[in-house]
Each structure stands twice: as structure tokens, then as C-alpha cells.
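> Quick one, what's the 3D model for this:
(chains A and B)
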Amino acid sequence: MIRSHVLVCGGTGCTSSGSQAILAKLAEELKAKGLEDEIKLVQTGCFGLCALGPIMIVYPEGTFYSQVTPEDVPEIVEEHLLKGRLVDRLVYSDTGDTKKEEDIAPSLNDTTFYKKQKRVALRNCGVINPENIEEYIARDGYFALAKVLEEMTPDDVIKVINDSGLRGRGGGGFPTGRKWSFAKASVSDKKYVVCNADEGDPGAFMDRSVLEGDPHALIEAMAIAAYAIGADEGWVYVRAEYPIAVKRLQMAIDQAREYGLLGTNIFGTGFNFDLHIRLGAGAFVCGEETALLTSIEGNRGEPRTRPPFPAVKGLWGKPTIVNNVETYANIAQIILNGAEWFNSMGTETSKGTKVFALGGKITNTGLVEIPMGTTLREVVEEIGGGVPNGKKFKAAQTGGPSGGCIPASLIDTPIDYDNLIKIGSMMGSGGLIVMDEDSCMVDIAKFFLEFTVDESCGKCAPCRIGTVRLLEILNKITDGNGEMEDLDKLEELANYIKSASLCGLGQTAPNPVISTLRYFRDEYIAHIVDKKCPAGVCKKLLSYEIIADKCKGCTLCSRVCPAGAITGKVKEAHVIDKTKCVKCGACIEKCKFGAIIKK
Amino acid sequence: MKSIEELKAIKAKMADKVAVRSSTGDTRIVVGMATCGIAAGARPVLNAFVEGVTAAGLVDTVTVTQTGCIGICQYEPVVEVYEKDKEKVTYVKMTADRAKEVIEKHIKGGEVVTEYTIGAAKI
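Coordinates of the predicted model:
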């Protein structure tokens, strides 16, 4: 008889920090102690707190262990699983303090990281074994599909999705129900449903986590969508760089077929639906829906003009809906709980929750799902645990290469689609990169632009050539050769690219430049007029100097300098030859007297 | 899958198996499982509680868990029952059979089995 479940995260984050070794060791120890029949080992999807992986949860107590190593496993088995005593030093705590309460184990849901979250799309991630369809069914899996097929007409389904206020979670935020109704209205002998799992924004990984942690949620939702628009075939376009996600999705599709939840005559209602996976090679432009469809068709991934929209003329010329993974992950819950339940969460124009991938200069790197309308401050300071090392929050970047920066002055902005657009950023797929005072905003703009220059497919000139010209101007500024009129040129060119590009990639590529110019113009001016990088990032504008009064002549710096730029006699002040200095910063790290400064 | 009945059957079959991960824990049955408890036979008691709670279909609200030594080793196996808004009940010198009785009378019926409580034990 099973009395306790031990859940170990098998997401990509924890797998790379060694969770497979922990699973193996656990199995071995449980066997040695004769506990195999009492304790169940479960590999799950992502819990969200990737920075502290590998993560383990022990139920029924809900004890949350973080940064577990295989060496810790015997102690956990002996102490916790056999004797019921928590291994305090491994229990996660918000404060880093692991004093336990008298009886109640510090449970996952009591941590600040989870308390403010509301898990809808991620409800099963970290709770079920994604490789077992029955665990999904136990959590009401496929009941939404049964309800739809047995009790609802396609129009009913579209009405519920419309009423719920669900908007596309992949970036643009187009109302999902409306997209479905367009496809339903298109008359054709064949229609398709497509899932966009080509998650390309640097730092975003919520789609991967859903695929890895709850693949059946996607399959069920796509079947529901197919029923609503009158399709019988679906494609999931997923990056080949997500091997665990691809493997679990394929496994889930096979199981769903075996259980008759994919295939013909599902639930005896005469409804047929089957699903295929198409692997993408990781081109960013293939996240754009028309390029994605072109790629599924077997052609080079290039966008085409819209209209006609895919809902009219999509895959192989047939009416098609393309939705993002996270959008689909909400569907079954909306069907089961009703439109009112969903639209009671969130703000006036943005309903429900949104998953964000927290990254950059933040304590709790990981995945969080919050109701729309939560402020940036709550996300960064409370759930995210703030900026580490006592540094100051400077800005948050949302929307990846298509988005913009939110400065510290707007940290109390409630996050939703329209507020983000209003302040010059966008939701995007939900990457949220936190920057502190050591981040140079011109450098950040350059970073994202380098990405889009690389990823531009080259089909249209504004994007192919325009972004390169933008990057050249930025490089000129960070090299210290900028002129004030360059700022006007940047803005003018950025606006041309936005208005003239063919697809979303080019139309949004200048956003990082525009938003940093809007909120951090003084930093651009510092680079141009003062020839200084205030954050001390842009190498060409830095110079290293030794303060003669503080230098004790210990010679450490001259020995560590790779360029031989530091000279001086023992016990006398040293000097840096600026013509030889490569600005690597090695000397600053070595100096014990704080005698070297970077300007 | 030919009908929703089949789906419901799978859910029912699996319900007990995953409920332990989302139990509300309104009632907690805590079995002392330190060296003294294990030596005195706490393991069959623990298993009896787990089986009993599952069989009674109470996994959603009742959690069975272990704890360390409570400090009254001569009365092991010791079992404490915490119910929401009620006083804690401590059972001593438990056996698997007594566990079944506690589930029937106390957990399901709401009647404390006084004869097994620490108050009734002769010290």
C-alpha cells in the first residue's frame, strides 16, 4: 500500500542539474530499505523554481526539498521516509532559514514563491507524471473533451471561449474565440489545428514546461479546437532543441491513441482527430504563424503576407488555426469550470493568468504563473525574491527581442496586454528579464538587435537591411563614436522598419531600441557626449586606472595582467599603460586595496 | 475510448493514487516512527492507517504521515490525530487492529476511541 509519494522534477532545468541521478539513487535506496511497496517515485514536469534544482517534493506532507544531491538521498530515505523526520538543511525556505515548525512540514504552497501564484496553465506541472495518461485523467483530464463532444455544439464551444476573454498567449494577444470563429466560418473540405510550440524568445521556457509536464493538456485542447472549427487533423510545431518535450509529447500522443482519445470515433460520437509532430530547426522566424505553416509544409521558413489569414487560407491552403501552447493549456479548464470562472481572474481587457519565465538579475530564477494585473513589483520583489547582492532594480525587459524595457519608475504597473503596450513594451510569450544597476541599456538594445539581425529571414528589405543599419549605429555609439544626430536617425529608421516589414519579426525588431531610447535616453547621451558608459559595461568607453595613494606596490595586478599593461616596482605605486590595456578587469579582482578603478 | 463512463472508471481507479498529492489535510493522522516506534511495531500500524483511509475513500481530506519520537517511548506505537478545530487525540500502544477500529469509529464516525488514548493508559 502506497503511503507516500516522492516527486522529483524531470524538467529540462532539473535534469541538467542532475535529477536523473537522484531518481536512480532513490530507487536504489528504497529497495535497500524495503520501502518500494510503501513509497511511490514519480518523475514530474517543472515545478518552476529552476534556480534551486534539483527539486523534490514528498507527499502527503508536501515537504519541499531543493538543491538535492545524490549524496543527500540516503539521508532523506532514512530520516524522512523511514522515520518521518524532515531533513531540515534541505528544506526550502524563503528566508534561507530552515527552522521547522512543530509538526507541519513547510509545504510548497506556503512559500512566498508559490503563494502569490495562480496555476491554471501549469496546474499539473510538477503534480502528475507526464508519462502516464491515467494520472492526467485522475486530475479531470479529457473530461473537457468528453463534455464538448457529448453536450456541446461547436458554436457552444466557441461561445464559451469567447466569453472567457482568453487571448493568445504567444505574443500578440488576439482573442482566441474570435480566431476560432473565423476558422469555423471558412467553408472547406479540410481544416487544420496547429500548435505553435516554436518558443524562440531568449529566456522564455513556459511552453517547454507545459509540453514536458502536462502534454495531454495540449492534446485535449487541440482536439477541442478541432471539434469547434470542424477539423480532423492537427500539427504541433516544436523545436528540435527540446528533446525531453518532444519525447514526452510523442509518448502522450501514442498513449492517447491507445486509449482511443485520438483517432476515429472518439467517445463514440463519430468525431475523428489525429495529431502529428513537426520538428523545427530553431529559426526564430518560424514562431511567426505564416512562416511556421510554410515550414510545416516542408518549405523554407519564410512568412507570407496576411491577409489572407490562416483562418481562411492556412496550411496547404486550407483554413487553419494556430495557437500557442500556453493558450491551449487554458482551454480544458475553461470548458470544465466555465467562462465566468476564467474571466473572474485578471483585468478588464486581459483575463486569466499568464506564465512568466523570470530570469536575469533576480533571486528566484524560474517559472511563475500569476493572475493578469499583478504588478511588476509583486513579481520581482515578492515572488522573484528581489534583485540579489543588494543591487538596485533598474528595469525589466518583457517580450524578448520584440518587447521593450520597463523602467523602475513604472514598477507598480499592473501587468496585462494593454498596459504593457501603453508603456512601450509587450507581453510577448512571457520572458521577463530583470536588470540591475550594472546593466547598460544601450548594450541591452544591442544584444536584442544582434539576435534579430541573426534571425531575420531576409525575405523583406526593411527587416533584412534595416536591422543591420540600426545595429551599426548602436555599435558606433557604444564604441564612443556616436553623434547626437544618430539618436534621430535611430528613431527614424526604427519607425520605418516597424511600418514597412512584412511580418511580426521585423515589425517588432526595433522595439528594444525605441523603448530604451524612451526611458534611458540619458544613457545614450552619456555614451555620445561624455563618451562614458554609466553602468561600466561598454568596454571601449572604459578606462582602468590605479590610484597611486592606495597602491601598496604588491605587484599582484601586474602579474595577473594578460596584456603586460601594468608596470611598477615592488612597494611603489603601479601604472596602467592604457594603450596596452585590454579592459578585462582581471586586475580589479586581484587588488586587495581597492586601488584600481574603472571609469 | 468509447464512452465517458470508461473515462470515469479510469479516474475512479486513479483517484486514490494521486489524491495524496492534493489532500487538504483537514485531518492528519501522525504515526511516531522513530527507532522506538519502529521497534514497537509502528510500521504495520502506519500501513493499516494508509490502507484504511484509502479504503474509506477519505484520501482527499485525511493525510497519514509519520513523525519522530514524541518522548513517551514506553507507549509506542503512538498515533496522534489532528482534526481541524478540534483538540488533538493521542492514541498509545497501537496495533494494526486497533488502527482499523480508530478509522471506523473515530475518523469515520467522529467518536474518539477513549480506551486506546493516553488518558486511559495506566501510567
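> now the helices for chain B?
Here chain B has its helices, by DSSP state H, at B:4-19, B:35-39, B:42-55, B:96-102.
> most tightly surrounded among these?
When these are scored by mean count of other CB atoms under 10 Å in any protein chain shown, the highest mean neighbour count falls to helix B:42-55 (a mean of 22). Placement of C-beta: from N, CA and C, glycine included.
> partners of the residue in chain B positioned nearest to chain A in the sheet?
Closest contact between chain B and chain A, by CB to the nearest CB, is at B:Q66 (2.8 Å). Beta-bridge partners recorded for B:Q66 (DSSP bridges): B:V31.
> give me the number of residues near it?
Using other CB atoms under 10 Å in any protein chain shown, B:Q66 has 25 neighbouring residues.
> ok, it touching A:K83?
Yes: in this structure B:Q66 lies within contact range of A:K83 using CB atoms under 8 Å: 6.9 Å.
> residues shared between the contacts of those two?
B:M33 (CB atoms under 8 Å, 6 or more residues apart in numbering or on different chains).
> For the stretch 1-150 of chain A, list the residues in contact with chain B, please.
A:1-5, A:7, A:38, A:40, A:59-61, A:82-85, A:103, A:127-128, A:134-135, A:137-140, A:142-143, A:146, A:150 (CB under 8 Å from any CB of the partner chain).
> Now list the buried members of those residues.
In the residues of the stretch 1-150 of chain A next to chain B, burial by neighbour count holds for A:3-5, A:7, A:38, A:40, A:59-61, A:82-85, A:127-128, A:134-135, A:137-140, A:142-143, A:146, counting by 16 or more other CB atoms under 10 Å in any protein chain shown.
> Next step: these restricted to strands.
By the criterion of DSSP state E, membership of these in strands covers A:4-5, A:7, A:40, A:59.
> In the stretch 351-500 of chain A, what residue comes closest to chain B?
Closest point on the stretch 351-500 of chain A to chain B, by CB to the nearest CB, is A:E369, at 16.8 Å.
> Contacts only, for residue 83.
You didn't pick a chain, so chain A it is. B:33-35, B:38, B:66, B:68.
> could you do chain B instead?
The neighbours of B:E83, taking CB under 8 Å, 6+ apart as the test, are B:26-27, B:89.
> I'd like those residues written out as TSV, with neighbour count added.
Formatted as TSV, the contacts of B:E83 follow (neighbours: other CB atoms under 10 Å in any protein chain shown):
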residue	neighbour count
B:D26	14
B:T27	19
B:V89	20
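> could these go into JSON lines alongside pLDDT and distance to chain A?
Conversion of the contacts of B:E83 to JSON lines gives the following (pLDDT from 0 to 100; distance: CB to the nearest CB, whole Å):
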{"residue": "B:D26", "pLDDT": "82", "distance to chain A": "12"}
{"residue": "B:T27", "pLDDT": "88", "distance to chain A": "11"}
{"residue": "B:V89", "pLDDT": "92", "distance to chain A": "14"}
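> element containing A:K578, please.
Taking DSSP states H and E as the definition, A:K578 sits outside all helices and strands.
> my read: it touches A:S543, true?
Yes: at 5.9 Å, A:K578 counts as touching A:S543 under the criterion of CB under 8 Å.
> Let me see the contact set for the residue nearest to A:R300 when sequence neighbours are not counted.
Spatial nearest neighbour of A:R300, chain neighbours left out: A:T294 (7.2 Å); criterion: CB to CB, 6 or more residues apart in numbering or on different chains. Going by CB under 8 Å, 6+ apart, A:T294 touches A:300-304.
> same thing with A:M441?
A:394-395, A:405, A:435, A:516, A:519-520, A:523-524, A:535.
> what's the pLDDT at the closest residue to it other than its chain neighbours?
Closest residue to A:M441 apart from its sequence neighbours, by CB to CB, 6+ apart: A:F520 at 4.0 Å. A:F520 carries a pLDDT value of 96.
> neighbours around A:F520, how many?
21.
> check contacts around it.
With contacts defined as CB under 8 Å, 6+ apart, A:F520 is in contact with A:395, A:405, A:407, A:441-442.
> Angles on the backbone of it, please.
phi -130, psi 40 (degrees, to the nearest 10).
> one step back: closest one of the contacts of A:T294 to A:L23?
Nearest to A:L23 out of the contacts of A:T294 is A:G301 (CB to CB; 37.0 Å).
> Verify the contact between that closest one and A:V285 for me.
Yes: A:G301 lies in contact with A:V285 (CB under 8 Å); the separation is 5.7 Å.
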